[in-house]
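Novice: only geometry, no sequence info:
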């Protein structure tokens, strides 16, 4: 369903843990009622982002901002920690009992429900393992630390769990940055024009005069919506969004989508798309910033539904990825977790243990620079 009031400004930010890995692309609604998409630019000073958006949105307009980091908490963790409302949690995070929430644990002994991110680095004695998180947070397996929208579905593999902060696929440190610098300050300042999708309502309800709506995105989810494809990885043959030629191969799909959606493209953006976003290391970030923008416009135009289920876990605690409609396996029904007692050892199935070991091996390969081998293993796993 197309929102009743289309936003006159749409921004998508591809968000890395380091400032140099944060790029955003925008589209503005012109007088003819069409969106004009521009080339990506650095996010720069994050403390000024919301005020910059506010100055560009008139009282009669509204804006939709998408961020490529998780916005929400796994339901199993939230239940154990006594969190029933993510928005209310954002008001308290960083103070009181949540003072150390954003401090990434260096040792497994430091992990707790109030300090769940781990590990700080892979260089300390004693190899960090996902099992350390599982035990310390009192869950059955690593999938219990994924939100429903992060689990594997027919169109893509599972996302990395929020609290695991090691390896090329980790999202935890980007989430820490995004929550500390963007989401939490906006909520804590009680900025009445800021709305958090889907916690504050449906997209149709939230896009109204003067509103700034924040939503979670995942460029890999949008790839299939827009026809973006990469060649399968093979041993010794690196492929994917990190390769300029592979990005350039998707120029036809992206430009064809823009024509079919009646989205205008600036000359600078067209040149970047056709060129594969250049040879520099930030080419993959600019690519995902633009893919995310196109995916968001696709939802706003009604070509894809926003997708969030209406259950209370999703709307109160976990959140959802904008535009995702493929349903992962049902959320497991398990008794409310409790604080783990000293020496407690949650029972893990052999499959869970082996899956954890494989994921640790992939993270180790990436950390050692063997990205091609890590990609090859991931491709094999997805094909099974």
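Specialist: Great, that's in hand. What you see is a predicted model, and the numbers here were worked out from it, not measured in a lab.

Novice: from here on, just use CA atoms for contacts and neighbour counts.
Specialist: Will do.

Novice: assign the most centrally placed residue in the chain to helix, strand or coil.
Specialist: Of all residues in the chain, the one closest to the mean position by C-alpha atoms, centre = their mean is residue 69, 3.1 Å from it. Using DSSP: H, G, I helix; E, B strand; the rest coil, the structure places residue 69 in coil.

Novice: try the one 10 residues further on
Specialist: Judged by three-state DSSP, the three-state class of residue 79 is helix.

Novice: number of residues surrounding it?
Specialist: Look at residue 79: counted by other C-alpha atoms under 10 Å, it has 18 neighbours.

Novice: state the distance from it to residue 133.
Specialist: Using C-alpha to C-alpha, to the nearest Å, residue 79 is found at 16 Å from residue 133.

Novice: that older thread, quick one: the residue nearest to the centre of the chain and residue 214 touch, right?
Specialist: No - if you go by C-alpha atoms under 8 Å, residue 69 and residue 214 don't touch, sitting 11.5 Å apart.

Novice: rewinding a little: give me every residue that touches the residue nearest to the centre of the chain.
Specialist: Contacts of residue 69 were listed using C-alpha atoms under 8 Å, 6 or more residues apart in numbering, and they are 15, 171, 174, 175, 178, 216, 217, 218.

Novice: same deal with residue 219?
Specialist: Residue 219 makes contacts with 68, 288, 289, 291, 292, 295, as judged by C-alpha under 8 Å, 6+ apart.

Novice: so which of the residues you listed are in helices?
Specialist: Helix and strand membership here follows DSSP state H; of the contacts of residue 219, those in helices are 288, 289, 291, 292, 295.

Novice: quick revisit: identify the farthest-apart pair in the contacts of residue 69.
Specialist: For the contacts of residue 69, the maximum inter-member distance is 14.1 Å, found between 178 and 218 (C-alpha to C-alpha).

Novice: and residue 34, how many residues sit next to it?
Specialist: The burial count assigned to residue 34 is 15, neighbours taken as other C-alpha under 10 Å.

Novice: and it, what does it touch?
Specialist: If you count contacts by C-alpha under 8 Å, 6+ apart, residue 34 has them with 262, 263, 264.

Novice: what do you get for residue 257?
Specialist: residue 226.

Novice: make sure it is indeed in a helix.
Specialist: Yes - with three-state DSSP as the criterion, residue 257 is part of a helix.

Novice: nearest spatial neighbour of residue 39, skipping sequence neighbours?
Specialist: When the adjacent residues along the chain are set aside, residue 39 lies closest to residue 269, with 4.3 Å between them (C-alpha to C-alpha, 6 or more residues apart in numbering).

Novice: how near is the one you found to residue 26?
Specialist: For residue 269, the distance to residue 26 under the criterion C-alpha to C-alpha works out to 11 Å.

Novice: report pLDDT for residue 127.
Specialist: You'll see residue 127 listed with a pLDDT of 77.

Novice: just to be sure, residue 65 is in a strand?
Specialist: Yes - read with three-state DSSP, residue 65 is one of the residues of a strand.

Novice: can you name the residues bridging to it?
Specialist: Applying DSSP bridges to residue 65 yields these beta-bridge partners: residue 11, residue 214.

Novice: what's near enough to touch it?
Specialist: Contact analysis of residue 65 by C-alpha under 8 Å, 6+ apart lists 10, 11, 12, 13, 212, 213, 214, 215.

Novice: which one of the contacts of residue 34 sits closest to residue 74?
Specialist: Minimum distance to residue 74 across the contacts of residue 34 is 35.8 Å, recorded for residue 263 (C-alpha to C-alpha).

Novice: backbone phi and psi for the closest residue to the closest one other than its chain neighbours, please?
Specialist: Distances taken as C-alpha to C-alpha, 6+ apart place residue 35 nearest to residue 263, at 5.2 Å, with adjacent residues excluded. In this entry, residue 35 is assigned phi and psi values of phi -90, psi 140 (degrees, to the nearest 10).

Novice: residue 35 contacts residue 29, doesn't it?
Specialist: Yes - because the distance of 4.4 Å satisfies C-alpha under 8 Å, residue 35 is recorded as touching residue 29.

Novice: neighbour count for those two, which is higher?
Specialist: Set side by side, residue 35 and residue 29 show unequal neighbour counts under other C-alpha under 10 Å, the larger going to residue 35 at 24 against 17.
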